[in-house]
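>>> my questions concern the predicted model and sequence given below.
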Amino acid sequence: MSDARTSPIARADEDHPLDALSERSSLIGTVAPPSELELALAARISRLDGSRARVDFLRQGAFLCLDEFLPPEITALLAASARALLSEVNRNYLPGHKRGGSVSRYTIDRLAPSIAQLYRSNALLRFLERTCGDRLLPSPDDDPHAYALYYYTRPGDYIGWHYDTSYYHGRRYTLLIGLIDESSCRLDYVLHTRDPGIPEEPGSVQIPPGGLVFFDGDRLRHRITPLGEREMRVSLTFEYLTDPGMRPWWRLISNMKDAVAYFGFRQVMRGRRGGA
Ligand SMILES: [Fe+2]
């Protein structure tokens, strides 16, 4: 595993990791304001075959995988940010379900605002909407899963088979972006498990840094296989909705799940109070 703390990028773990990085980095200009991130992403997306992405997404039952998506300079920026946030990781172990670490949107808002900017990128949203055919909305401010980082840092870290179930009135789409992959972990999945009359189709991919996986959470059965010795993997997850309405009871269940399985009660409750 490389030690990024010795690199110019990873020396950004100061008061404000990503801002410090942006000011020093020439990766996307001498300064990396949101507009430059947006421009770099828009330029990259303009070179993608959007029609092909749409066809593949439909053919695979609301699932798309692209090995190369983010511009390398943005991937490097976000990977450095993910390393700088290692001390903020909340670890959980639910036997038979998952073991690993997470950083919620609330911590990202404080310490890695470029991730929040990417979440709201117009270019990204337009690409995803064209791919899935739905109008997408960001998750509400009190949803810690809106954007989050998942850390696999100890041997055996994993997530078992599951769906990204929507507790909202509408559909919930998941976007996974690989940031760091020094691992043997794979995203195993089964397509068409809820498409009557279509045979199930198993698959398995490794999400390289900058790669993308996009799917309807209620339609893709998936898991992350266990981390090996001396390995590390960090992925970024974005959640988009077609209808952000939710019954209060489901909000309570969703918050309890997030607190127990992902971010801890302190982060979830802090976020709901609107605190930093
Ligand atoms: Fe998932």
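That came in fine, so what should we check first? Numbers count the residues shown, from 1 in each chain.
>>> show me where this protein has its strands.
Using DSSP state E, the strands assigned to the chain run over residues 63-66, 90-94, 98-103, 137-138, 147-152, 158-162, 172-182, 187-191, 201-205, 212-216, 221-224, 232-241.
>>> quick one: list the elements packing against the longest one.
With contacts defined as 3 or more CB pairs under 8 Å, 6 or more residues apart in numbering; DSSP states H and E, the packing partners of strand 172-182 are helix 72-84, helix 122-132, strand 212-216, strand 232-241. From N, CA and C alone the C-beta is placed, and that goes for glycine too.
>>> any chance of JSON lines for the ones you listed, columns mean pLDDT, mean neighbour count and distance to Ala259?
Compiled in JSON lines, these are given as follows (pLDDT from 0 to 100; neighbours: other CB atoms under 10 Å; distance: least, CB to CB, whole Å):
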{"stretch": "helix 72-84", "mean pLDDT": "95", "mean neighbour count": "23", "distance to Ala259": "22"}
{"stretch": "helix 122-132", "mean pLDDT": "97", "mean neighbour count": "18", "distance to Ala259": "28"}
{"stretch": "strand 212-216", "mean pLDDT": "98", "mean neighbour count": "23", "distance to Ala259": "25"}
{"stretch": "strand 232-241", "mean pLDDT": "97", "mean neighbour count": "23", "distance to Ala259": "16"}
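>>> which one of those lies nearest to Ser102?
Smallest distance to Ser102 across the helices and strands packed on strand 172-182 (CB to CB): 9.1 Å, for strand 232-241.
>>> that older thread, which of the strands of the chain comes out lowest on mean pLDDT?
Ranked by mean pLDDT, the strands of the chain bottom out at strand 90-94, which scores a mean of 92.
>>> nearest to Gly96, of the helices and strands packed on strand 172-182?
Minimum separation from Gly96 across these (CB to CB) falls at strand 232-241, 20.4 Å.
>>> quick one: strands adjacent to that closest one?
Strand pairing for strand 232-241, determined by DSSP bridges: strand 137-138 (antiparallel), strand 147-152 (antiparallel), strand 172-182 (antiparallel).
>>> out of the ones you listed, deepest packed?
Compared across the strands paired with strand 232-241, strand 147-152 shows the largest average neighbour count, a mean of 24 (mean count of other CB atoms under 10 Å).
>>> ok, residues contacting that one?
82, 85-86, 89, 100-105, 108, 115-116, 119, 157-159, 179, 183, 185, 224, 227, 231-239, 262-263 (CB atoms under 8 Å, 6 or more residues apart in numbering).
>>> and that strand, how far out from the chain's middle?
7 Å (CA atoms, centre = their mean, to the nearest Å).
>>> how about stretch 245-258?
Distance, centroid of stretch 245-258 to centroid of chain: 20 Å (CA atoms, centre = their mean).
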